[in-house]
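Student: Need the 3D shape of this:
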Amino acid sequence: MLRIHVSGVDLSRVRMATRPDAMWETILSFHRLRDRRGSTVFGKWRTETRARLNGEARLLSAVVPVRGYFPDFLTPSREGVEPFGLDAGTEALRETPQDRLRDEMALLAGDRAPAHRSSRGGRSPAALPAALAEGRTEPLARLVTALRGYHRAAVAPYWPHIRASVEADRALRGRALLDGGADELLATLPSTIRWRAPVLEADYPVDRDLRLDGRGLLLQPSFFCRGTPVVYRDPRLPPVLVYPVTHPAAPVFAEPGPWLGRLVGHTRSAVLTAIGDGCTTSELSRRAGVSLASASQHACVLREAGLVLTLRHGSSVLHTLTPLGASLLRGGAPLVPA
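Tutor: Numbering: from 1, shown residues only. Predicted coordinates for the structure are as follows:
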């Protein structure tokens, strides 16, 4: 179990990440690629991603095991800095100090058999951990190149879906924060995380205590995080809790089906516009000037057409736009990845 000790000062400094973090999504998606579970959400994505990979997985496997510890430096974080995009994240990775590379690779080696150099000067994937531990620039450059190539294949094509899911989660948490403050926000996190003031408990593969010591906590929703949340191994790093967003029952990456042809008429267009940046069914009814039953029916059709995401919020549900729905309202203008 993970226990995060939250003081009154820490509670006042709990904040939500403003967008998905490219480095966290890249590393956690690599876990999902090798995990057979969650086929409804990730099955189509796995098939498409594997067809696009060109050897990046072999190199990344040397530093990102199937389960257990992976080095903190792979997901950079800086106090007060917004979630990283790919360019800023890989640049921060390149700047990892040599002593930190050595220490974190030693932790990784503790869970594995020692890696040996190949006859080609240590360029084999198995030799990468030892080469990184020596602090040389060439192995780190190879790792960055592999991460960027993997991101292009596995994450970038799906970024609008990833961002829409994270924004839907933010809308849920934002409402909780407005309704009941930080206490309510922490209480509405996924069921694997439990707020028992002053301790935030979470299911975790090892027993661990994390003391915030007045630094606050950044809540980072993640599309590719699954089941249990993730925190840094090094307690000196800025406290971040990466947790899974709630995925709808339908496949996330499915293409719009024949339901799209049902999207006609002024009323449904008004309903789509009324959803805007998120609303409950009751709010949708008031905004669009339709009955509660009609609002629920229209939201269902929009959801089937791939234009709306619906997540449960307490006793009600919250509707938000998908990238396709937002694009439709903009007259077909595409969403630009963050």
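Student: Name the nearest residue to the spatially most central residue of the chain, sequence neighbours excluded.
Tutor: By Cα atoms, centre = their mean, the chain has its centre lying nearest to residue 222, at 1.6 Å. Of all residues not flanking residue 222 in the chain, residue 242 sits nearest, at 5.0 Å (Cβ to Cβ, 6 or more residues apart in numbering). Placement of C-beta: from N, CA and C, glycine included.
Student: name the element that neighbour belongs to?
Tutor: strand 240-244 (DSSP states H and E).
Student: by contact count, what packs against that strand?
Tutor: strand 217-222 (3 or more Cβ pairs under 8 Å, 6 or more residues apart in numbering; DSSP states H and E).
Student: Quick one: mean pLDDT over the strand it packs on.
Tutor: For strand 217-222, the mean per-residue pLDDT is 96.
Student: helices and strands around that strand, which ones?
Tutor: strand 14-16, helix 22-33, helix 159-187, strand 240-244.
Student: Now tabulate those in JSON lines and tack on mean pLDDT.
Tutor: JSON lines is the format used below for the helices and strands packed on strand 217-222 (pLDDT from 0 to 100):
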{"stretch": "strand 14-16", "mean pLDDT": "93"}
{"stretch": "helix 22-33", "mean pLDDT": "96"}
{"stretch": "helix 159-187", "mean pLDDT": "89"}
{"stretch": "strand 240-244", "mean pLDDT": "96"}
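Student: closest one to residue 143 among those?
Tutor: Closest approach to residue 143 among these is made by helix 22-33 (11.6 Å; Cβ to Cβ).
Student: how many degrees apart are the closest one and strand 240-244 in direction?
Tutor: 40 degrees (axes from the mean of the first three to the mean of the last three Cα atoms, to 10 degrees).
Student: The helix or strand following helix 22-33 - contacts with which helices or strands?
Tutor: The helix or strand immediately downstream of helix 22-33 is helix 39-52, counting by DSSP H and E. Helix 39-52 is packed against helix 22-33, helix 137-154, with contacts defined by 3+ Cβ pairs under 8 Å, 6+ apart.
Student: Just tell me which of the ones you listed ends up closest to residue 210.
Tutor: Of the helices and strands packed on helix 39-52, the one closest to residue 210 (Cβ to Cβ) turns out to be helix 22-33, at 17.2 Å.
Student: what's the closest one in contact with?
Tutor: 38, 42, 45-46, 49-50, 57, 60, 64, 66-67, 70, 74-76, 83-86, 89-90, 93, 147, 150-151, 154-155, 162, 220, 222-226, 230, 242 (Cβ atoms under 8 Å, 6 or more residues apart in numbering).
Student: let's see it at 6 Å
Tutor: Helix 22-33 has contacts (Cβ atoms under 6 Å, 6 or more residues apart in numbering) with 42, 60, 64, 74-75, 84-86, 89, 151, 154-155, 222, 224-225, 242.
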